[in-house]
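> Task: produce atomic coordinates for the following.
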Amino acid sequence: MIKNNSQNKYLGIDYGAKKIGLAISDDQGKIAFALKIISNQGREKVLQEILEILNEYKIQKIVIGESVNNFGEKNPIAKKVQDLIFDLQNQVKQINEINKTDIDIEIFLEKEWYSTVEARRHHDSHQVDASAAAIILQRYLDKINI
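Residues are numbered from 1 along each chain as shown. Presented below is the predicted three-dimensional model:
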C-alpha cells in the first residue's frame, strides 16, 4: 500500500534494457541522490520493486528518463518506458480500489541525454545507472525549483 503524505520527495528512474537505475530526492525535492540499481528481469518484478520503494520512502512523484536519440526522436527504449508508466498508473489504480484510497502518483518525463555518459565520468562505475537516475532527477528538480 502506498501511503499518502505531504512531502515533496521524488523517485528518479533511468530505465535500461538490463538494469534500471533509481534515485531519490531529499524531502524538499531539491537534491537528488543515487539510491540503487535493480535488474530489469520482467515487468512484474520491476513494478513490484518500484512500488516497494514508493511505499518505503513515501514518494508520490516520479521522474523517468525520456529515451530519445540525438534528433529528439523516441528510440526503442521509449516504448518500454511508456509501458512502465502505464503499468505504474494501473497498479496504483488497483491499490486505490482495493484499499478504498485516493492516492495519486504523478509521473514526469525528463530527457535523459548523455546522463549515463556523465555518470561514468563522475561517479563510481558500480553505481553508474543509479548515478544516471540521480542526474536525470536533478535536471528535473533544477528546472522546477528555479
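
> my read is E49 is in a helix, agree?
Yes: the assignment for E49 (DSSP: H, G, I helix; E, B strand; the rest coil) places it in a helix.

> so it sits right up against I38, yeah?
Yes: because the distance of 5.0 Å satisfies C-beta atoms under 8 Å, E49 is recorded as touching I38. (C-beta placed from N, C-alpha, C; glycine too.)

> Which one's more surrounded, these two?
I38 (19 against 16; other C-beta atoms under 10 Å).

> Tell me the secondary structure at that one.
The three-state label for I38, taken from three-state DSSP, comes out as strand.

> average pLDDT across the strand or helix carrying V92?
Of the helices and strands defined by DSSP states H and E, V92 is found in helix 76-99. In this model, helix 76-99 has a mean pLDDT of 91.

> distance of I53 from D26?
Taking C-beta to C-beta, to the nearest Å as the measure, I53 and D26 are separated by 15 Å.

> who has more neighbours, these two?
Set side by side, I53 and D26 show unequal neighbour counts under other C-beta under 10 Å, the larger going to I53 at 18 against 14.

> how about the helices in this structure?
All helices of the chain, identified by DSSP state H, fall at 43-56, 76-99, 115-122, 128-144.
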